[in-house]
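K.L.:
Just the structure for this:
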Amino acid sequence: MNKKILDIQYRPMTLDDLTQVQALDREIFPDPWPSDAFRYELVENKHSVCWIAEQNEPDDTKSIIGFVVVWLILDEAHIGTLAVKPLYKGHGIGRRLLAHALLDSCTKGAEKSLLEVRASNTDAQRLYFGMGYEVVGMRPAYYPDNHEDALLLTLEKLNSEKLAVLASGKV
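P.N.:
So this is what the prediction gives:
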């Protein structure tokens, strides 16, 4: 793994991150969130957990290379969105980012997690299955851009000790 991949910080998202997060969302997804959605999650939704992965550049600037939004619904952590820049995929960044957000969710009362994932998104499915999620159903024609089906995945028991290890990257 090169130095570029090693120099990454994980932290809660702030309002100062919105421009980069929105740009990354538009870059990655065919049907990105509305421009004010991330601001809503940070300012108005008291039941959301938002994290970013940030690359420290040689010129002392920082670039957001990933983000996740989790909605806390009763005792569930529902993954609203998760993205990692294509250049950085395959280095465990998505796993660490999700682990940080789920660990944060545990401290706020979440006991389990669920999400929808495109049926064709095998990279994301590999990430989720590797963290212990299991398919529990399907949502037909879930995605509005192409009416693709979504698999409904759940992780029945959030284990804070395991999430802490995943978040640390020591796996």
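
K.L.:
switch to C-alpha atoms for all contacts and neighbour counts from now on
P.N.:
Noted.

K.L.:
Where does the prediction get shaky in this protein?
P.N.:
Applying pLDDT under 70 to the chain flags residues 1-6, 171.

K.L.:
so where's the longest helix in it?
P.N.:
For the chain, the helix that runs over the most residues, judged by DSSP state H, is helix 93-107.

K.L.:
Show me what secondary structure element comes after it.
P.N.:
Next along the chain after helix 93-107, taking DSSP states H and E as the criterion, comes strand 112-118.

K.L.:
Could I get the CA-only coordinates of whichever helix or strand comes after that following strand as PDB?
P.N.:
The first helix or strand that comes after strand 112-118 along the chain, using DSSP H and E, is helix 122-130. What follows is the C-alpha trace of helix 122-130 in PDB, where atoms were taken according to Å, rounded to 0.1, in the frame of the first residue of the first chain:
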ATOM      1  CA  THR A 122     -21.000  -6.600  -6.200                       C
ATOM      2  CA  ASP A 123     -18.200  -4.400  -4.800                       C
ATOM      3  CA  ALA A 124     -20.500  -2.900  -2.200                       C
ATOM      4  CA  GLN A 125     -22.000  -6.300  -1.400                       C
ATOM      5  CA  ARG A 126     -18.500  -7.800  -0.800                       C
ATOM      6  CA  LEU A 127     -17.900  -5.000   1.700                       C
ATOM      7  CA  TYR A 128     -21.200  -5.500   3.500                       C
ATOM      8  CA  PHE A 129     -21.000  -9.300   3.500                       C
ATOM      9  CA  GLY A 130     -17.500  -9.100   4.900                       C
END
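
K.L.:
got the angle for helix 122-130 vs helix 93-107?
P.N.:
40 degrees (axes from the mean of the first three to the mean of the last three CA atoms, to 10 degrees).

K.L.:
which residues sit against helix 122-130?
P.N.:
Contacting residues not belonging to helix 122-130 are listed as G94, R95, V117 [CA atoms under 8 Å, 6 or more residues apart in numbering].

K.L.:
Might you report the residue contacts of the last one?
P.N.:
What it means is V117. V117 makes contacts with A124, Q125, A150, L151, L152, L153, as judged by CA under 8 Å, 6+ apart.

K.L.:
What distance do you get for it to E156?
P.N.:
In this structure, V117 lies at 17 Å from E156, with CA to CA, to the nearest Å as the measure.

K.L.:
ok, now A141?
P.N.:
Taken as CA to CA, the span from A141 to E156 is 25 Å.
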